[in-house]
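**Q** need a 3D model of the following:
(chains A and B)
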Amino acid sequence: MEERQLIQQAQAGNRAAVEELLGRYEEQVYRLVARFFPSPADAGDVAQDVMIRIFHRLTAFNWRSAFSTWVYRVTVNACIDEGRRRRKREQPGLPEHIEAPGDGPEEQAVRGETRRQVREAVARLSPEHRAILLLREVEDLDYGEIAIILGVAAGTVKSRLCRAREAFRRQYEQVVERGEGHAVRTNRTSLLSVARR
Amino acid sequence: MRCAQTARLFSVWRDGNLSPRQNEQFARHLEECPGCAEKLAGYNLGMDSLREDRVDIPESFRKGWRNRLAGEAATERTRPRAFTLPAWAAAAACVVLVAAVSLGSGLFGGVRGSLSQVEKAPGFESVQEKALSRMSPAVGGVVNSKSDVAASEVAPLAAPAPSVDMGVAAVERKVMRSASLSIESANVEQSCGIIERLTGQSGGFVRSSSVSRDEGNRLTGQVEIAVPAGRFDEVLGRLGQAGKILQKSITGQDVTEEYVDLGARLKNWRAQESQLNLIMTRARNVEETLAVQNELARVREEIERLTGRMQYLDRKTEFADISITVTQKGSAQKPVWPALEALREIGGRFLDSLLSLVSVAVMLIPWGAAGYGVFLLIRRWYRNRQA
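**A** Below is the predicted model:
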């Protein structure tokens, strides 16, 4: 079924259409939320909330933008709100140990460590910087689309993105410098475990 | 190009938005400055690592939102939703509606009649009609005729409104109403007193009341009152007793949909809370207990937020705010001819500048006298020398 028809049916309250439509966007939503909230448990909870929020607001979608853009907008707003709420209450959950698929154990350990560092650096950014950085670098959206999602001017996107990237670079450098010892330890542990086998 | 400038351009360069000239300068600087080149390499490494970070979608998420959706959809079914009817069913519904409205008008006629007897103040009818015409768009077509509105507005006077069962049962229409009036009176203090007395009689209360005197020794009163929503129109009509109404505006905001939505969400969160309480009894260790407690705290925070909002809407729809400004009769200033006023101002300014000049001249007189004296002395000395 074409997406337009699917959206119309979902807006009319067709349950199967709602599920199919949301199913098409579950990856997009989870991908973004998971990078916003590095802890898998948090990401799962927030992503589920976003899916339900999209369902509740389906009738508010007014065709002024692409449906995917609107989904991004709902997701980003939910993530920023939740990020601010968590900042007030506590520090964002740090990523747990990440297993990287493929390659040998050593490569897996190195990749897993890089991922952890990247996610930790992202988690240290403000929710607004996280949003713009992820939309540009990971989702590969252009300035115009990001401006619609964040509800700001294209010029603001450019300057805010510049600041977000710089903030991310600083955080990433700090995390890498602090974690170099940890990375070496991780490599040694994985090598030892392989050797014991 | 300097290092700081180069660093500022990293982001634009990464998006490929540098002009050819900037690009050339940027590349030249990187060739000459190993520090910046290294910094850019680090910059790109971070961004590339972020870009390459893949996310696997867990099965628990795929199942989780579908389960929650099923629960939400079940709750949604109980909400009022727009739907289409076959033509014959729509016609039948219209006939039933007309009959019900006629019956309702008959039933409420007595109450309406008694109210009209009280409301014989001049201008009451026009107030009522304007209020009705403004209300109609706000209620979004649900109330189609003035008699419908009249019935729904008079009903609270006859009997207390039924409480809302969290969006599941039929919900009374929730409308936030407010008005602002400007009244002219010969005796401002007396008018403010009348307004306060009317407020008390209607079962409302005065939020604030103040009387002040302006530069022209004229009194102005400002009274903010809240009256029961069911007696809003009645009070508005009777406010004419306080003086001549110069200006009046009435607004209404229908919040029924939001209220029903909040009720449904609250019900859902409460169901989650009871589930979590059940899970809590099965927690085996401290870690599990803490995890459930955290979740419970989040759910309860949401419940409190929703309850607070619902209570706020309850308060705002139970009482309607009216803001009244009372001005003294004849307080409007006499019209002034603009050209004459302009000439008067020019004359005033000219006099001011003349006075300034005179004061400068007075200040210069001693200096002039002293200078003339010095000049005379020098001239005498010069002539003596010549001689």
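
**Q** just checking, residue B:232 touches residue B:321?
**A** No: if you go by CB atoms under 8 Å, residue B:232 and residue B:321 don't touch, sitting 9.6 Å apart. Any C-beta I mention is one placed from the backbone N, CA and C, and that applies to glycine too.

**Q** looking at those two, which has the bigger crowd around it?
**A** Set residue B:232 next to residue B:321 and count neighbours by other CB atoms under 10 Å in any protein chain shown: residue B:232 wins out with 25 against 18.

**Q** how far away is the more buried one from residue B:203?
**A** 11 Å (CB to CB, to the nearest Å).

**Q** also residue A:123?
**A** Going from residue A:123 to residue B:203 by CB to CB gives 55 Å.

**Q** next one: residue B:25
**A** Separation of residue B:25 from residue B:203 (CB to CB): 77 Å.

**Q** between those two, tell me which one has more neighbours.
**A** Taking other CB under 10 Å, residue B:25 and residue B:203 do not tie; residue B:25 has more neighbours (16 against 12).

**Q** can you say which helix or strand has that one in it?
**A** If you go by DSSP states H and E, residue B:25 is part of helix B:20-32.

**Q** tell me the pLDDT of residue 135.
**A** Defaulting to chain A. Per-residue confidence at residue A:135 stands at 93 (pLDDT).

**Q** sorry, I should have been clearer: chain B.
**A** pLDDT for residue B:135: 40.

**Q** would you mind listing what in the stretch 101-250 of chain B touches chain A?
**A** When proximity is defined by CB under 8 Å from any CB of the partner chain, the stretch 101-250 of chain B lies next to chain A nowhere.

**Q** which residues of the stretch 101-250 of chain B score low on pLDDT?
**A** Counting by pLDDT under 70, the low-confidence segments of the stretch 101-250 of chain B come to B:101-171, B:215.

**Q** next: chain A.
**A** For chain A, the stretches flagged by pLDDT under 70 are A:88-111, A:179-197.

**Q** which residues in it form helices?
**A** Here chain A has its helices, by DSSP state H, at A:3-11, A:15-36, A:40-57, A:67-89, A:105-123, A:127-133, A:143-150, A:154-196.

**Q** quick one, the second one and helix A:40-57 angle?
**A** Interaxial angle, helix A:15-36 versus helix A:40-57 (axes from the mean of the first three to the mean of the last three CA atoms, to 10 degrees): 140 degrees.

**Q** run through who's touching helix A:15-36.
**A** Residues outside helix A:15-36 that contact it (CB atoms under 8 Å, 6 or more residues apart in numbering or on different chains) are A:1, A:3, A:6-7, A:9-10, A:40, A:43, A:46-47, A:50-51, A:54-55, A:58, A:68, A:71-72, A:75-76, A:79, A:83, A:119, A:122, A:127, A:130-131, A:134-135, A:138-139, B:53, B:55, B:57, B:61-62, B:65-66, B:69, B:73.

**Q** over to stretch B:44-64?
**A** Residues outside stretch B:44-64 that contact it (CB under 8 Å, 6+ apart) are A:26-27, A:30-31, A:34-35, A:40, A:43-44, A:47-48, A:114-115, A:117-119, A:121-122, A:133, A:137-138, A:165, A:168-169, A:172-173, B:14.

**Q** I'd like the average pLDDT over that stretch.
**A** So the average pLDDT for stretch B:44-64 ends up being 85.

**Q** buried stuff in it?
**A** B:46, B:47, B:49, B:50, B:53, B:55, B:61, B:64 (16 or more other CB atoms under 10 Å in any protein chain shown).

**Q** against chain A, how distant is residue B:295?
**A** 8 Å (CB to the nearest CB, to the nearest Å).

**Q** name the nearest residue to that residue, sequence neighbours excluded.
**A** With CB to CB, 6 or more residues apart in numbering or on different chains as the criterion, residue B:295 has its nearest non-adjacent residue at 5.8 Å, and that residue is residue B:276.

**Q** assign that neighbour to helix, strand or coil.
**A** Under the three-state scheme (DSSP: H, G, I helix; E, B strand; the rest coil), residue B:276 adopts helix.

**Q** just checking, it touches residue B:298?
**A** No: if you go by CB under 8 Å, residue B:276 and residue B:298 don't touch, sitting 9.6 Å apart.

**Q** surely residue B:29 touches residue B:36?
**A** Yes: assessed by CB under 8 Å, residue B:29 is found in contact with residue B:36 at 6.2 Å.

**Q** what about residue B:200, which SS state?
**A** helix.

**Q** tell me, how many residues neighbour it?
**A** Neighbour count for residue B:200, taken as other CB under 10 Å: 12.

**Q** any idea how far residue A:28 is from it?
**A** Residue B:200 is 59 Å from residue A:28, where distance means CB to CB.

**Q** next one: residue A:156
**A** The gap separating residue A:156 from residue A:28 is 24 Å, by CB to CB.

**Q** same check, this time on residue B:287
**A** From residue B:287 across to residue A:28, the span is 33 Å (CB to CB).

**Q** neighbour count winner among these two?
**A** Using other CB under 10 Å as the criterion, residue B:287 and residue A:28 rank with residue A:28 on top: 14 against 9.

**Q** which positions within stretch A:25-41 qualify as buried?
**A** Within stretch A:25-41, the residues scored as buried using 16+ other CB under 10 Å are A:25-26, A:29-40.
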